[in-house]
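*Asks:* sharing a model prediction with you, sequence too.
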Amino acid sequence: MTTDSRTTDVRESGMAQPVGHVEAAAPVADPATTSASGPVSDKLPRAQRNVIALMLVAAFVVILNETVMSVALPVLQKDLGIGPSVGQWLTTAFMLTMAVVIPITGYLIQRIQTKPLFLISMSLFSAGTLLAMLSPGFGVLLLARVIQASGTAIMMPLLMTTVLTLVPARRRGQMMGNISIVISVAPALGPTLSGFVLDHFGWRAIFGIVLPVALLALVLGAFWVVSVSKTNSAKIDLISIPFAALGFGGLVYGLASIGQSAEDGGPILPIWALFTIGGAALLVFLGRQLFLQRRDRALLDLRVFRSPVFSVAMGAMLLATLVMFGSFILIPYFAQSVLGLEPLVTGLITLPGGLLMGFASPIIGRLYDRYRPQVLLIPGTLLISAGMWMLSAVSQNTEVWYLVVANILMSVGLASTFTPIMTAGLGAVPRNLYSHGSAVLNTFQQVSAAAGTALFVTVMSVGAATAAAGGAAAPAAVAFGVHSAFLVGAILSVVLIVAILFVRKPADAPEGAFVGH
């Protein structure tokens, strides 16, 4: 390793000035990592480790909250006396809010220092969780979900930007492995937790269990979190906000509405209109960002895509997230609708895979720091594909153990895939664009999650309707539809294998340089 890269790593591992400065000073080398002859250790100071650990816990809680509703929706519909077309808004509104807020976080992270932004995020999430637990009816519960989503949307980009700022390049793989636990394990464990709570305590307890952890993170954040990145006084471009909301929100709503049938009420507008409005608004938004980034005023700076490494990694991330969320939606649905399993048993199907994913992610992060990405990505995507091809063979006679094994293969494969993709992609972004790179990554994840859900549900619905028209009984028709959806996912997993062949680990670059140019 060259002297320049060592110096860059040490500079990036330092801590900025505490809250109270309009603009934090540039990070400086920590004494624990330097000596008279140069850097001797990459170990972060305890204060910095506490900040990252607290953000990881907070992010895990807010992401876990996204998927606990997947098993709870039927119970909520019965308890609140609402139909499927109304109940689905508890999930759709959450995704819409995330899609609208995440693109703005790049600006927020640059404008607001780390500590107050963390406290805003956790305060919003905690307030939404408390309101959801006490909600007297559907309207208040829907509002609570929107407030929760506002806090969730800020947390993940904030966590990634903080890690990129504090952690030296040589150790980012290990830390991104911990973030992969949040992104991958929390969605996998959500149905298990939800099924257990629903069977024993009712749907309000789902929020009651999450609330104390969120409040603890909020209190600890007031003492532990310090500002770690530079801020500036740039004004927000108010014109960009409505176009971002219409663009990303319209796209996500359109994707989430594809699987709704006319009997369920369908979307507010025809799907073609949603995509037309969303697409037009998105084009205007992107065009304005290209204009504003020349003066460093973009709400979401698109210069991050000048890095080929980042662009390829985001494409692979989109595919992997699409396959993950699509399968995580259909496995519980198949287990309950075709195999007739109870919510708790359904949730337990994803538990072994989620636990293995959590165990593997930090190890995979360390391996990334030592080897090139393909050493992890090739076996990882092969495992994802193997799991998807197994799921494409499901039928009415499928055993529970078969679903568990397929989910385990996918979970371990996803753990081996997400960490290298995120670390390579974000590591290729210049330091001054870390916040925008994190916002783009999380926006891609949200849109691809909605796309995966919409694609799998739509293919499943069409397949089931086709089988029913041919005379198949309800369970057999649903089984055929699920088989068709997983077959599409298996084909996409092969595309993912091809995509990761082009992912490269970025070399350490001078601050402000674009890797790959």
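*Replies:* The structure has been received and is ready for your questions. Numbering: from 1, shown residues only.
*Asks:* separation between Ala280 and Val440?
*Replies:* In this view, Ala280 and Val440 are 21 Å apart by Cβ to Cβ, to the nearest Å. (Glycine included, C-beta is placed from N, CA and C.)
*Asks:* who has more neighbours, these two?
*Replies:* Set Ala280 next to Val440 and count neighbours by other Cβ atoms under 10 Å: Val440 wins out with 25 against 14.
*Asks:* since we're on the closest residue to that one other than its chain neighbours, how many residues are nearby?
*Replies:* The spatial neighbour of Val440 that comes closest, neighbours along the chain excluded (Cβ to Cβ, 6 or more residues apart in numbering), is Val304 at 5.7 Å. Other residues lying near Val304 total 26 when counted by other Cβ under 10 Å.
*Asks:* give the contact list for Val304.
*Replies:* Taking Cβ atoms under 8 Å, 6 or more residues apart in numbering as the definition of contact, the neighbours of Val304 are 310, 429, 433, 436-437, 440.
*Asks:* so which of the residues you listed is the closest to Thr192?
*Replies:* Checking the contacts of Val304 against Thr192 with Cβ to Cβ, the nearest one is Val440 at 31.0 Å.
*Asks:* element containing the closest one, please.
*Replies:* helix 434-469 (DSSP states H and E).
*Asks:* show me what that helix is packed up against.
*Replies:* Here helix 434-469 is seen to pack against helix 89-111, helix 138-166, helix 240-257, helix 308-337, helix 400-427, helix 474-500 when contacts are counted using 3 or more Cβ pairs under 8 Å, 6 or more residues apart in numbering; DSSP states H and E.
*Asks:* including mean neighbour count, distance to Gly287 and mean pLDDT, could the ones you listed go into TSV?
*Replies:* Compiled in TSV, the helices and strands packed on helix 434-469 are given as follows (neighbours: other Cβ atoms under 10 Å; distance: least, Cβ to Cβ, whole Å; pLDDT from 0 to 100):
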stretch	mean neighbour count	distance to Gly287	mean pLDDT
helix 89-111	23	14	80
helix 138-166	23	23	88
helix 240-257	23	9	80
helix 308-337	24	19	86
helix 400-427	25	24	89
helix 474-500	21	27	91
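*Asks:* among those, which comes closest to Asp79?
*Replies:* Comparison of those against Asp79 by Cβ to Cβ identifies helix 138-166 as nearest, at 9.9 Å.
*Asks:* now that closest one and helix 89-111, what's the angle there?
*Replies:* 30 degrees (axes from the mean of the first three to the mean of the last three Cα atoms, to 10 degrees).
*Asks:* between helix 400-427 and helix 138-166, find me the angle.
*Replies:* 50 degrees.
*Asks:* what angle separates whatever helix or strand comes next after helix 138-166 from helix 138-166?
*Replies:* Along the chain past helix 138-166, the next helix or strand (assigned with DSSP H and E) turns out to be helix 172-180. Counting by the same axes, to 10 degrees, helix 172-180 points 170 degrees away from the direction of helix 138-166.
*Asks:* buried sites along the helix or strand just after helix 172-180?
*Replies:* Tracing the chain past helix 172-180, the next element assigned as helix or strand by DSSP H and E is helix 186-200. By 16 or more other Cβ atoms under 10 Å, the buried positions in helix 186-200 come out as 186-198.
*Asks:* ok, stretch 210-224 next?
*Replies:* For stretch 210-224, by 16+ other Cβ under 10 Å, it's 210-211, 213-218, 220-221, 224.
*Asks:* please apply the same query to stretch 392-402.
*Replies:* The neighbour-count check on stretch 392-402 (16+ other Cβ under 10 Å) flags 392, 394, 398 as buried.
*Asks:* stretch 269-286 now?
*Replies:* Neighbour-count burial for stretch 269-286 flags 271, 274-275, 277-278, 281-282, 284-286 (criterion: 16+ other Cβ under 10 Å).
*Asks:* among those residues, which ones are in helices?
*Replies:* Here DSSP state H is the test, and these give 271, 274-275, 277-278, 281-282, 284-286 as lying in helices.
*Asks:* tabulate these in TSV, adding columns for distance to Leu351 and pLDDT.
*Replies:* Written out in TSV, the entries for these read as follows (distance: Cβ to Cβ, whole Å; pLDDT from 0 to 100):
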residue	distance to Leu351	pLDDT
Ile271	35	79
Leu274	36	83
Phe275	37	86
Ile277	40	90
Gly278	36	87
Ala281	40	91
Leu282	38	89
Val284	45	93
Phe285	40	89
Leu286	41	90
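*Asks:* doesn't the residue nearest to Val440 fall inside a helix?
*Replies:* Yes: when classified by DSSP: H, G, I helix; E, B strand; the rest coil, Val304 is found to be part of a helix.
*Asks:* wait, which of the helices and strands packed on helix 434-469 is closest to Met55?
*Replies:* Relative to Met55, the nearest member of the helices and strands packed on helix 434-469 by Cβ to Cβ is helix 138-166, separated by 4.5 Å.
*Asks:* quick one, that closest one and helix 434-469 angle?
*Replies:* Angle, helix 138-166 to helix 434-469, by the same axes, to 10 degrees: 130 degrees.
*Asks:* helices or strands next to helix 138-166 in the packing?
*Replies:* Secondary elements touching helix 138-166 (3+ Cβ pairs under 8 Å, 6+ apart): helix 3-12, helix 46-67, helix 69-80, helix 89-111, helix 114-134, helix 172-180, helix 400-427, helix 434-469.
*Asks:* turn those helices into TSV, columns for distance to Leu299.
*Replies:* As requested, the helices and strands packed on helix 138-166 are exported to TSV (distance: least, Cβ to Cβ, whole Å):
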stretch	distance to Leu299
helix 3-12	25
helix 46-67	22
helix 69-80	29
helix 89-111	5
helix 114-134	16
helix 172-180	24
helix 400-427	19
helix 434-469	9
